[in-house]
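**Student:** I'll drop the sequence and a predicted model, then ask my questions.
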Amino acid sequence: MTFRFESESVLRWSDVDRAGVLNNAVYLTLLEEARFAYFGELGLLEGDDFPFLLGETCVRFLRPGRAGMRVVIRARTLRIGTKSLEMAYEIEHGGEPLASAVATLVWVGRAGTSCAVPAAARAAIATFEDLSDEPAGAPGRSLPASP
């Protein structure tokens, strides 16, 4: 899978658990930070207002992360539906995968209820990702295969 977006983060001492490995909840924070940077780069955020809510996330843990590691988080939109999108992620350190994930984001209006993905957002994402015009109801993708 080709990723056109990536961000970096350094794992902190406070991110690891008693066993000295990255706490599982921190992986979700890394995904959220990458997601924020991804949509910010596409010009789809106004301040710190997220136009979507997380509907589902599935993470496959492949190797333990440790304090001090500099990790790369890659993000990609797989599919744009009528009111939601699916994204895939990879987290790696030194070329070695630590985790892969998929997430479903539900687009929301100011009232916090689901609404159609705006045409401008759809166009910006599709152009950046070079997505074909697949039908809005096309089935999603499963979690990326482990290496």
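**Tutor:** The structure has been received and is ready for your questions.
**Student:** how about the helices in the protein?
**Tutor:** 24-41, 119-129 (DSSP state H).
**Student:** just those helices: most buried one?
**Tutor:** helix 24-41 (a mean of 17; mean count of other Cβ atoms under 10 Å). Using the backbone N, CA and C atoms, a C-beta is placed for each residue, glycine as well.
**Student:** other SSEs contacting that helix?
**Tutor:** strand 5-10, strand 52-61, strand 70-80, strand 84-93, strand 96-107 (3 or more Cβ pairs under 8 Å, 6 or more residues apart in numbering; DSSP states H and E).
**Student:** nearest to Arg122, of those?
**Tutor:** Arg122 sits nearest to strand 70-80 of all the helices and strands packed on helix 24-41, at 5.5 Å, using Cβ to Cβ.
**Student:** Okay, now the sheet partners of that closest one, with direction.
**Tutor:** Sheet partners assigned to strand 70-80 using DSSP bridges are listed as strand 5-10 (antiparallel), strand 84-93 (antiparallel).
**Student:** can I get the helices of the chain in TSV with distance to Arg66?
**Tutor:** Shown next, in TSV, are the helices of the chain (distance: least, Cβ to Cβ, whole Å):
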stretch	distance to Arg66
helix 24-41	12
helix 119-129	32
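**Student:** Would you mind giving those helices as a markdown table with distance to Asp49 and mean pLDDT added?
**Tutor:** Converted to a markdown table, those look like this (distance: least, Cβ to Cβ, whole Å; pLDDT from 0 to 100):
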| stretch | distance to Asp49 | mean pLDDT |
| --- | --- | --- |
| helix 24-41 | 11 | 95 |
| helix 119-129 | 13 | 96 |
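**Student:** Quick one: closest of the ones you listed to Arg79.
**Tutor:** Proximity to Arg79, assessed across the helices of the chain by Cβ to Cβ, is greatest for helix 119-129 (9.8 Å).
**Student:** got the angle for the closest one vs helix 24-41?
**Tutor:** Counting by axes from the mean of the first three to the mean of the last three Cα atoms, to 10 degrees, helix 119-129 lies at 100 degrees to helix 24-41.
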